[in-house]
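Colleague: Sequence and predicted structure below; questions after.
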Amino acid sequence: MSKEKSFHMTPEEFRRYGRAVVDWIADYYERIESFPVLSRVKPGEIRAALPAEPPLQGEAFETILGDIDRVILPGITHWQSPNFFAFFPANASGPAILGELLSAGLGVQGMLWATSPACTELETHVLDWLVDMLGLPPKFKSSGTGGGVIQDSASSASLCALLAARERATHFQSNRQGCDGRLVAYASTQTHSSIEKAVKIAGLGSQNLRLLPVDDHFALRPDALARQIRQDREAGLIPCFVCATIGTTSSNAIDPLPEIGPICQEEGVWLHVDAAMAGTAALCPEYRHLHAGMEWADSYCFNPHKWMFTNFDCDCFYVADRAALIQTLSVLPEYLRNQATESGAVIDYRDWHIPLGRRFRALKLWFVIRYYGVEGLRHHIRRHIELAQEFARWVAASDRFVLVVPPPLNLVCFRHVRGDEFNERLLERLNASGRLYLTHTRLNDHYTLRLCVGQTHTEAHHVQQAWQQIQKTAAELEQEL
Ligand SMILES: Cc1ncc(COP(=O)(O)O)c(C=O)c1O
């Protein structure tokens, strides 16, 4: 060991404190249900508990870790609580967390194959596995013309898809000259807001995003898509991108790919499929039908960081034609030149996404897939769906609540019969109880409650308790209002 003055943590200290941190995390999971699911702090409260100035001298690790309980935990909304039913989940698991720790320990930055071949090759391999695991078309494998890459988020994946679509439509001239206001993108009114953001960033302009009407199940209407594309062409515009969603954020609606696909093909428009949460269900053969029509898609993404027990962040993004993506995003400054790249025999993932640098995210995904096995993953996904379906049956049988739409998978949209204001108050009171956390949406312009079953440790009794709490709180409110 060096004799130079050092403030670094020694390997021996790291071992000791590392164990303390792992113990802390294990204890946290054991006591997680004792915390209110939704944090109760007021704006500014966490900052007020922090010193105004950073420490001049280093502090004892025990003191720092102690502040996790004292300062940080009150400001945590417990996404890993089995009583978390809000938004879509961002679930995690032991193997994922340990894979993440190893990734931090190795501390590699895998921008090029050469900067850590294992970082690139494991990613390629695991993403190829997932093509088979989800029943996606083989064209998305690295052995064909396409391939997969891990991105930080579905938002980034969709942006990359849009950029590649823009370039394909303009024969790579938008990259050189910028956009001229004629490119048009299409999605439904239910599409995630990340598409609007992508359209702004990519320079298409938000007025060139067409948000198309949906059917009774909140799925994009292919007839509306075909008509709008035709009208835009007649107006001299250039349709370039359609985003279809498998599992919309509001209600888990499934856009009909078998009908949307042929329209995109005929019109030469890039079809991107966003299956951020629901894609994971296709691990189970009985839900593979969700991916019917995927053979028409140019790109696809889903988030293991939502429902596949892989802690945030981890989005898997696939393209059918990797050359289009690489040509869109590639720049090669002198300092990145190297023999492996020049040989053409390797993948350099820096050309597959926006940032240059990249973390070794494939490790945690690899750990999850190996630890659970495909059957283990299927077991828990099936269970989540069963629990949500059971909840939906209770709602349907109640004379107080209505199901807004039959739930295709693990998300139930429902409302109390007494109208918007009542439902708003109900949600507020439920979340203030700390016993569970639900969020809302608007469907057919009605305030609607959402209950999504997808947290790793959610079991039947958590969903039963949630339903009891919802009924009890509604009965109290009925008395008061
Ligand atoms: C359908 C859909 N797409 C995209 C996103 C954005 O996900 P991310 O946070 O990975 O960008 C979400 C988030 O919930 C979503 O539900």
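Modeller: It's in.

Colleague: mind checking how far stretch 107-115 is from the chain centre?
Modeller: 24 Å (Cα atoms, centre = their mean, to the nearest Å).

Colleague: heads up, I number from 46, so please use that
Modeller: Sounds good: first residue 46 from here, last item stretch 152-160.

Colleague: tell me which residues of it are tucked away?
Modeller: Of all the residues in stretch 152-160, those buried under the rule 16 or more other Cβ atoms under 10 Å are 155-158, 160. (Glycine included, C-beta is placed from N, CA and C.)

Colleague: And for stretch 279-296?
Modeller: 282-296.

Colleague: can you check stretch 224-237 too?
Modeller: Those would be 224, 227-233, 235-237, for stretch 224-237 by 16+ other Cβ under 10 Å.

Colleague: Same check on stretch 320-336?
Modeller: So for stretch 320-336, counting by 16+ other Cβ under 10 Å, buried means 320-329, 332, 335-336.

Colleague: and if you look at stretch 131-150?
Modeller: Counting neighbours by 16+ other Cβ under 10 Å, stretch 131-150 gives 131-138, 140-146, 148 as buried.

Colleague: Please list which of these also come close to the ligand.
Modeller: residue 133 (Cβ under 6 Å from any ligand atom).

Colleague: Sort out which one of the buried residues of stretch 152-160 lies nearest the ligand for me.
Modeller: Among the buried residues of stretch 152-160, residue 155 lies closest to the ligand (Cβ to the nearest ligand atom), at 20.0 Å.

Colleague: part of a helix, is the closest one?
Modeller: No - assessed with DSSP: H, G, I helix; E, B strand; the rest coil, residue 155 is coil; it does not lie in a helix.

Colleague: Quick check: residue 400 vs residue 492, distance?
Modeller: 38 Å (Cβ to Cβ, to the nearest Å).

Colleague: Residue 471 too?
Modeller: Distance from residue 471 to residue 492, by Cβ to Cβ: 10 Å.

Colleague: Please apply the same query to residue 346.
Modeller: 30 Å.

Colleague: and those two? which has more neighbours close in?
Modeller: residue 346 (26 against 18; other Cβ atoms under 10 Å).

Colleague: can you tell me the helix or strand for the residue lying closest to the more buried one once chain neighbours are set aside?
Modeller: Distances taken as Cβ to Cβ, 6 or more residues apart in numbering place residue 202 nearest to residue 346, at 3.8 Å, with adjacent residues excluded. Residue 202 is located in helix 199-214, with elements delineated by DSSP states H and E.

Colleague: what about that helix, near the ligand?
Modeller: Yes - using Cβ under 6 Å from any ligand atom, helix 199-214 reaches the ligand at 199-200.

Colleague: which other helices and strands contact that helix?
Modeller: Judged by 3 or more Cβ pairs under 8 Å, 6 or more residues apart in numbering; DSSP states H and E, helix 199-214 is in contact with helix 219-222, strand 228-233, helix 239-246, strand 283-290, strand 315-319, strand 344-347, strand 360-364, helix 367-374.

Colleague: and residue 399, what are its phi and psi?
Modeller: phi -80, psi -50 (degrees, to the nearest 10).

Colleague: what's the neighbour count on the closest residue in space to it that isn't next to it in sequence?
Modeller: In space, residue 399 comes closest to residue 201 once its chain neighbours are excluded; the distance is 6.1 Å by Cβ to Cβ, 6+ apart. Other residues near residue 201 come to 19 when the count uses other Cβ under 10 Å.

Colleague: residues in contact with residue 201?
Modeller: Neighbour list for residue 201: 360, 362, 398-399 [criterion: Cβ atoms under 8 Å, 6 or more residues apart in numbering].

Colleague: Just the buried ones from these?
Modeller: Buried, going by 16+ other Cβ under 10 Å: 360, 362, 398, out of the contacts of residue 201.

Colleague: Verify the contact between the last one and residue 203 for me.
Modeller: What that stands for is residue 398. No - the criterion here is Cβ atoms under 8 Å, and residue 398 misses it with residue 203 at 11.8 Å.

Colleague: Alongside the ligand, which residues does the chain contribute?
Modeller: 133, 198-200, 237, 239, 290, 293-294, 319, 321-322, 348, 360.
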